[in-house]
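K.L.:
Pasting the sequence and the predicted model now:
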Amino acid sequence: MDNFTFHNPVRVIFGEGQIKAVAAEIPASAKVLITYGGGSVFKNGVMDQVDAALAGRTVMKFGGIEPNPTYETLMKAVALIREQGIDYLLAVGGGSVLDGTKFIAAAVPFKGEPWDILSKGAAVESALPIGAVLTLPATGSESNTAAVISRSETGDKLAFLSPQVFPRFAVLDPLTTYSLPPRQVGNGVVDAFVHVMEQYMTFPADAKIQDRFAEGILLTLIEEGPRALAEPQNYAVRANVMWAATMALNGLIGVGVPQDWATHAIGHEITARHGLDHAQTLAIVLPAMLRVRREGKRAKLLQYAERVWGLRDGSEDARIDGAIEKTRAFFESMQVKTRFADYGIADPAFDTMLAKLVEHGGAKLGERGDLTLELSRKVLELAR
Ligand code: NZQ
Ligand code: ZN
């Protein structure tokens, strides 16, 4: 196990009826901007609860943050905040609203062109404080330092990481997820699953806690994911999915171990070029990725086959094949398709995506940095 420092300062307020807790978390004197997406929060009663909690406070709202939030939209919020002297942000929505709000929080005090935070890795020295009311378990954004932002005019989708944008608190009320359409339920479970895989499916580091926590999250998603589709109003199921998604990417399982993230890097290029949902891209890439890299990942694939899928018989290769096929079948059971053709993309723009991948520093990817561009192309070809 490698040396590490673990610090996650996000106060997670979990459970039914907890939205009212935002009142105590946000200072009474704060001038608050509530950020939201396309309006789902008005239909499912979440915004009403937020409004009730903040009644009598100085509050403004900024809506229209898109799935795969864009720089263009977010910069409008930055202008509004600078003009109005807003000093606290409350993100109400899914990962896109949270990520968008993190970028806004960093961009407001940033000196210079905020796009540099994404394109040049410019340091984020300060950010406005952020609170979150999460409505879509998937990204882990409510409890991490990451944000992924797109720029429509250039076709870029880029991430930044900064401890400055850790939310101060995050309310996770599983009831808010009852209104999710099946597509987003499936997306969320697949995204969380792949977050675990990016930190687990590498090579052994004798990190038993990280491995077993990771396997526990995978098993929970396999057990509860399909039930969330079948029994959308089952509170216990929703609660388990929600906590699993947070635990998948709040830093805990990734400490002291090698990490991969090649599936995400390629997935972001697919979204940028073809507009697929984030989790759809992961479901396309991961099974092909595991096939291409089965030798480098052999020991962990065997461990995964046994501990997660219960595959103990047959040759090593048969167990690995079985685990990869079960992974694909699980994604399909969550109604997330696993090939380009399933999304009506007969001729994926491989050259464009790979050129962008290189531009974004992805010429070599993976836990050993040995996923060359040729191999990334092979992954994409296998996923046709
Ligand atoms: O915009 P509204 O109207 O709110 O509707 C949203 C949106 O259309 C809807 N939705 C959310 N909660 C709902 C709901 N509909 C009904 N009931 C609810 N309770 O769902 C749609 C998708 O929302 P979005 O926020 O885009 O989904 P998700 O949470 O999957 O976030 C995806 C974004 O997060 C990034 C992705 O790249 C993508 O841009 N990621 C962020 C990460 C991070 N910060 O650590 C890591 C991830 O790997 C990922 O890259
Ligand atoms: Zn993801």
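P.N.:
Thanks, I have it. Numbering: from 1, shown residues only. Ligands and ions are numbered 1, 2, ... in the order given.
K.L.:
in stretch 297-316, what's buried?
P.N.:
297, 300-305, 307-309, 311 (16 or more other C-beta atoms under 10 Å). All C-beta spots, glycine's among them, are computed from the backbone N, C-alpha and C.
K.L.:
Make JSON lines from the residues you listed and add secondary structure and distance to ligand 1 to it.
P.N.:
Listed next are the buried residues of stretch 297-316 as JSON lines, based on DSSP: H, G, I helix; E, B strand; the rest coil; distance: C-beta to the nearest ligand atom, whole Å:
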{"residue": "297", "secondary structure": "coil", "distance to ligand 1": "20"}
{"residue": "300", "secondary structure": "helix", "distance to ligand 1": "20"}
{"residue": "301", "secondary structure": "helix", "distance to ligand 1": "22"}
{"residue": "302", "secondary structure": "helix", "distance to ligand 1": "26"}
{"residue": "303", "secondary structure": "helix", "distance to ligand 1": "23"}
{"residue": "304", "secondary structure": "helix", "distance to ligand 1": "20"}
{"residue": "305", "secondary structure": "helix", "distance to ligand 1": "25"}
{"residue": "307", "secondary structure": "helix", "distance to ligand 1": "24"}
{"residue": "308", "secondary structure": "coil", "distance to ligand 1": "20"}
{"residue": "309", "secondary structure": "coil", "distance to ligand 1": "23"}
{"residue": "311", "secondary structure": "coil", "distance to ligand 1": "27"}
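K.L.:
Which residues of the stretch 1-150 of the chain lie near ligand 1?
P.N.:
Residues of the stretch 1-150 of the chain that fall close to ligand 1, judged by C-beta under 6 Å from any ligand atom: 37-41, 44, 67-68, 93-97, 99, 135-136, 138-141, 144, 146-148.
K.L.:
Can you tell me which of those end up in strands?
P.N.:
Under the assignment DSSP state E, those contribute 93, 146-148 to strands.
K.L.:
farthest-separated two in those?
P.N.:
For these, the maximum inter-member distance is 16.2 Å, found between 93 and 146 (C-beta to C-beta).
K.L.:
which of these two has more neighbours?
P.N.:
residue 93 (29 against 19; other C-beta atoms under 10 Å).
K.L.:
Now the buried members of the residues of the stretch 1-150 of the chain next to ligand 1.
P.N.:
The neighbour-count test (16+ other C-beta under 10 Å) marks 37, 40-41, 44, 67-68, 93-97, 99, 135-136, 138-141, 144, 146-148 as buried among those.
K.L.:
What ranges does the stretch 101-250 of the chain have for its helices?
P.N.:
Counting by DSSP state H, counting those that start in this stretch, the stretch 101-250 of the chain has helices at residues 115-119, 182-200, 208-230, 235-248.
K.L.:
can the third one be found next to ligand 1?
P.N.:
What it means is helix 208-230. No - on the criterion C-beta under 6 Å from any ligand atom, helix 208-230 is out of touch with ligand 1, staying 12.3 Å away.
K.L.:
What helices and strands are in contact with that helix?
P.N.:
Counting contacts by 3 or more C-beta pairs under 8 Å, 6 or more residues apart in numbering; DSSP states H and E, helix 208-230 packs against helix 182-200, helix 235-248, helix 298-307, helix 316-333.
K.L.:
And the contacts of the last one?
P.N.:
Spelled out, that is helix 316-333. For helix 316-333, the external contacting residues (C-beta atoms under 8 Å, 6 or more residues apart in numbering) are 190, 193, 222, 225-226, 283, 286-287, 290-291, 294, 298, 301-302, 304-306, 308-309, 311-314, 337-338.
K.L.:
residues in contact with residue 350?
P.N.:
Listed by C-beta under 8 Å, 6+ apart, the contact partners of residue 350 are 377, 380-381.
K.L.:
Tell me where the stretch 1-150 of the chain has strands.
P.N.:
Along the stretch 1-150 of the chain, counting by DSSP state E, counting those that start in this stretch, strands occupy 11-14, 31-35, 58-62, 88-93, 130-134, 146-151.
K.L.:
ok, and the most crowded of the contacts of residue 350?
P.N.:
When neighbours are counted by other C-beta under 10 Å, residue 380 leads the contacts of residue 350 with 24 neighbours.
K.L.:
quick one: that residue and ligand 1, what's the gap?
P.N.:
Separation of residue 380 from ligand 1 (C-beta to the nearest ligand atom, to the nearest Å): 18 Å.
K.L.:
Same list (the helices of the stretch 101-250 of the chain) but as CSV, adding mean pLDDT, distance to residue 57 and mean neighbour count.
P.N.:
Below are these laid out as CSV (pLDDT from 0 to 100; distance: least, C-beta to C-beta, whole Å; neighbours: other C-beta atoms under 10 Å):
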stretch, mean pLDDT, distance to residue 57, mean neighbour count
helix 115-119, 97, 29, 18
helix 182-200, 98, 30, 25
helix 208-230, 98, 34, 18
helix 235-248, 98, 27, 23
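K.L.:
so which of those helices gets nearest residue 17?
P.N.:
Of those, the one closest to residue 17 (C-beta to C-beta) turns out to be helix 235-248, at 11.5 Å.
K.L.:
Tally up the residues packed near residue 25, please.
P.N.:
Residue 25 has 18 neighbours, counted by other C-beta under 10 Å.
K.L.:
Let me see the contact set for it.
P.N.:
Residues in contact with residue 25, defined by C-beta under 8 Å, 6+ apart, are 11, 13, 131, 168-169.
K.L.:
ditto for residue 111
P.N.:
Counted by C-beta under 8 Å, 6+ apart, residue 111 has zero contacts.
K.L.:
and stretch 244-261, how far apart are its ends?
P.N.:
Distance between the two ends of stretch 244-261: 19 Å, counting by C-alpha to C-alpha, to the nearest Å.
K.L.:
need the contact list for residue 115.
P.N.:
Shown in contact with residue 115 (C-beta under 8 Å, 6+ apart): 71, 151.
K.L.:
now it: how far from ligand 1?
P.N.:
In terms of C-beta to the nearest ligand atom, residue 115 sits 16 Å off from ligand 1.
K.L.:
can you pull the buried residues of stretch 147-159?
P.N.:
Buried, per 16+ other C-beta under 10 Å, within stretch 147-159: 147-151, 156-158.
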